[in-house]
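*Asks:* Build me a structure from this.
(2 chains)
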Amino acid sequence: MRIRTLKPWFFLLPALVIYLFDIVGPSLYTLYLSFFKWNGVAPQKEFVGFSNYAYLLLNDTVFLHALKNNLLWTVGSVVVITTFALVLALMLNQKLAGRVFFRGMFYFPYVLSGIVVAMMWRWLYNPTQGFINGALEFVGLGAWALPWLADPRLALAAVFIAAVWQGVGQPMVLFLAGLQTIPVEAYEAATLDGVRPLQSLWHITLPLLRETSIIVLATTIISSMRVYDIIYAMTGGGPAESTQVLTSWMYYQTFRFANIGTGSAISWSIVLISLCVVIPYLYFTMKRTNA
Amino acid sequence: MKRKSILVLSLVLIGIAAMTAYGQKTQVTFWGLQAQMPSLQPIIDSFMKENPDIDVSPSGYGTDPIKEALKVAASSKSLPDLWFTWGGSLGSFYVENGLTLDLTKTAKDQGWAKVYNQAAIDLCTFGGKISGVPYHLAVMGVFYPKSMLAKLKLNPPATFDQLESELKVLKANGVTPLGFGSKFGWHTMRLTEQLIEHYAGPQKHTRLNMLTASWNDPAVVQAFQKLKEWSDKGYFPKGFVALDPTEAESQFYQGKCAFIIEGNWMDSALIQNSLDPTNFGMFKFPTDQKPVRMSSFAEMFQINGQTDQAKQEAALKLARFMTSAEVINTDVDNYGAPATLGVNASAKSPHVKPMSDEVNKGSFQITDQALPQEVAQRLFEAQDKVALGEWTPQRAAVELQNAADAFKQK
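*Replies:* Okay, here's the model as predicted:
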């Protein structure tokens, strides 16, 4: 009986050991470092308690702006990327000619690295030699040929568009998978009852996609809190720190300024904010599983 | 069957022998700039031929990526055996934290004073310790296409007022006067520091960089006012605050920009872009000071102070080889501006020697190496925000002083 109780733990043990050493251990060490002032290599660390966190909230000139950018990015990701992905999934779930090709075409950007996407879009946005401004001037809309990455009011949105182009593929595939599980009979019965397409979407598709939607939303929110490479490569956090997000500012603090304690405090701020999404998500999925 | 067994055994023995031979070689890892690898790789290959007991593994990085990669490596105790770095606050971090080999005694024993430019040795010295093998001694000047100025009947400006009037003429003739990209801040900084030198003068400028004078100073305000004025007049490329320096340089190479501040590596860069350096001129930025000082910095190779002695000796041998006059003279056209004495002048790099000679008449350390990194970052932010109209020049000066105060408190 005892062996039976312990058996699942034996199977879990290898993965658990890796998880503890590679994720839990370093995370706890980062939390520990967030209470110190340290440059990463000096033998002595100076304990400062919550000073690093207080500094970020009260004195750091970039942290709150970076947090705001992250929240904007998250809201944008939830609204734009998931909606766009759902629309694409609904369209590509139909019996269309070239359906497989289009699925691949929309998924393809997702397999590119953030750096490659950033380099492509930097050149697209180049103010004098880029395709976007060139096309606008060609069609007589030269007044709209703006310095997209140089205007603090536009830069974050411009980078976000590149991120949407890259990021819509994965949630689209998840939604497509979810749509395959919806029984065709439900739609047939609705059609017989005279239900219109939009009503069918609202009363059949969306409710039956609920679990897929929760997975997509949770992963989108967590990814949006971690966004870094596309922003760093496209703007470096500029112009004038206007596109800094928490991860890029953490990178500057840790590896440019050698403020390991401050950088660790930023990283745990990201964790705490992400937990606000992860914990309800886990609670919901466990509740559904137990039910 | 017997023959097969003998064959397999032979192969295994050969493999073991090869691995043993490999294992007896001293392995040296070297991190350098990607842009310098075309010049350094053949030198490294020659070194390995002459030193068959040393195996070198070079890796090339971009300008900003190598700064970050070295910091990551320092934090994770995985620094290479030999690495390229700049002076000032970029290179001093590794020295201050005991990560580099102290070369003071080696320099004395090997007579470096007769081998390297003393200015370069001084710029490789931190806290009284020589902590790098001098590689380049860089000096910044204003480059321009000769044909462009000739066409507009302009001469290299000798005074600040003359410079301003030429900027106006260039703009009126459809040329972008100043080729700068501010994505990382340091490219535009090359202009900002010259403006500070012009308005503050050499002594105050030096004290500003040492944080012994207040940045909340009328001279600093004037420098930012001039930056704002030139930005508003459209003297910079469109969207320059987000432009990558390589994009700004590309516009210069295409003949769309007139003036760009670059170092004495520019001849190599022009050659790599299929341009003839003799078609380009260079002048010292006219700060109207006496002497007219040029921004300068050293590039060096630092050796890992925490690796084993065999690797340190091999790394030092490699660094000395890469900076020896005999080796430099075999490819002087592509080497850049050596810190080594007794090197032949390159016919294809007409600007290297004149610029290297000028540094002895007066120079100041380039700002992003002179200042702590946090203060330099605030300067970059101030440049952008003043150009964008988000900060007044007065506020920029105040914010810089705030950054200096915060650093001193730290």
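*Asks:* For the rest of this, base every contact and every neighbour count on C-alpha atoms.
*Replies:* Fine.
*Asks:* tell me, how many neighbours does residue A:278 end up with?
*Replies:* The tally of other residues near residue A:278 (other C-alpha atoms under 10 Å in any protein chain shown) stands at 17.
*Asks:* Could you do the one 3 residues further on as well?
*Replies:* Taking other C-alpha under 10 Å as the criterion, the count of residues near residue A:281 is 16.
*Asks:* Over to residue B:323?
*Replies:* Residues near residue B:323, counting by other C-alpha under 10 Å: 25.
*Asks:* That one contacts residue B:132, doesn't it?
*Replies:* No - applying C-alpha atoms under 8 Å, one finds residue B:323 not in contact with residue B:132, separated by 11.7 Å.
*Asks:* give the contact list for residue B:134.
*Replies:* By C-alpha atoms under 8 Å, 6 or more residues apart in numbering or on different chains, the contact set of residue B:134 is B:116, B:120, B:121, B:124, B:298, B:299, B:300, B:301, B:323, B:339, B:340.
*Asks:* That should have said residue A:144, apologies.
*Replies:* By C-alpha under 8 Å, 6+ apart, the contact list for residue A:144 reads A:133, A:136.
*Asks:* go with 7 Å
*Replies:* residue A:136 (C-alpha atoms under 7 Å, 6 or more residues apart in numbering or on different chains).
*Asks:* For residue A:127, see how far away it is.
*Replies:* As judged by C-alpha to C-alpha, to the nearest Å, residue A:144 and residue A:127 stand 11 Å apart.
*Asks:* do the same with residue A:199
*Replies:* Relative to residue A:127, and taking C-alpha to C-alpha, residue A:199 is found at 45 Å.
*Asks:* which of the two has more neighbours?
*Replies:* residue A:127 (24 against 12).
*Asks:* Help me confirm that the more buried one comes into contact with residue B:238.
*Replies:* Yes - at 6.2 Å, residue A:127 counts as touching residue B:238 under the criterion of C-alpha atoms under 7 Å.
*Asks:* Can you work out which residues contact both of those two?
*Replies:* By C-alpha under 7 Å, 6+ apart, the residues touching both residue A:127 and residue B:238 are residue A:147.
*Asks:* Now do the contacts for residue B:399.
*Replies:* No contacts exist for residue B:399 under C-alpha under 7 Å, 6+ apart.
*Asks:* Pull out the buried positions in the host helix or strand of it.
*Replies:* Secondary structure from DSSP states H and E places residue B:399 in helix B:393-409. For helix B:393-409, burial by neighbour count (16 or more other C-alpha atoms under 10 Å in any protein chain shown) applies to B:393, B:394, B:395, B:396, B:397, B:398, B:399, B:400, B:401, B:402, B:403, B:404.
*Asks:* Then stretch B:168-176?
*Replies:* B:168, B:170, B:171, B:175, B:176.
*Asks:* what do you get for stretch A:29-45?
*Replies:* Within stretch A:29-45, the residues that qualify as buried are A:30, A:31, A:33, A:34, A:35, A:36, A:37, A:38, A:39, A:40, A:41, counting by 16+ other C-alpha under 10 Å.
*Asks:* how about the nearest residue to residue B:303 once chain neighbours are set aside, what does it touch?
*Replies:* The spatial neighbour of residue B:303 that comes closest, neighbours along the chain excluded (C-alpha to C-alpha, 6 or more residues apart in numbering or on different chains), is residue B:82 at 4.7 Å. Shown in contact with residue B:82 (C-alpha under 7 Å, 6+ apart): B:29, B:30, B:31, B:301, B:302, B:303, B:304, B:315.
*Asks:* rerun that using 8 Å as the cut-off
*Replies:* Here residue B:82 is in contact with B:28, B:29, B:30, B:31, B:301, B:302, B:303, B:304, B:315, B:319 (C-alpha under 8 Å, 6+ apart).
*Asks:* And residue A:200, what's its pLDDT?
*Replies:* Per-residue confidence at residue A:200 stands at 86 (pLDDT).
*Asks:* next one: phi and psi at it?
*Replies:* phi -60, psi -40 (degrees, to the nearest 10).
*Asks:* Report the contact partners of it.
*Replies:* Residue A:200 makes contact with A:187, A:190, according to C-alpha under 8 Å, 6+ apart.
*Asks:* What separation do you get for it and chain B?
*Replies:* 47 Å (C-alpha to the nearest C-alpha, to the nearest Å).
*Asks:* Over to residue A:207?
*Replies:* Note on residue A:207: its distance to chain B, by C-alpha to the nearest C-alpha, is 45 Å.
*Asks:* residues in contact with stretch B:375-385?
*Replies:* Against stretch B:375-385 from outside (C-alpha under 8 Å, 6+ apart): A:239-241, B:182, B:184-186, B:188-189, B:192, B:224, B:227, B:241, B:367-368, B:391, B:396, B:399-400, B:403-404, B:407.
*Asks:* quick check, residue B:198 in a helix?
*Replies:* Yes - counting by DSSP: H, G, I helix; E, B strand; the rest coil, residue B:198 is found in a helix.
*Asks:* How many residues are close by it?
*Replies:* 23.
*Asks:* quick one: contacts for it?
*Replies:* Neighbouring residues of residue B:198 by C-alpha under 8 Å, 6+ apart: B:286, B:287, B:288, B:289.
*Asks:* Quick check: pLDDT value at the nearest residue to the second one once chain neighbours are set aside.
*Replies:* To tie it back to what came earlier, the one meant is residue B:287. Distance criterion C-alpha to C-alpha, 6+ apart; nearest residue to residue B:287, sequence neighbours excluded, is residue B:198 at 4.3 Å. Looking at residue B:198, its pLDDT is 98.
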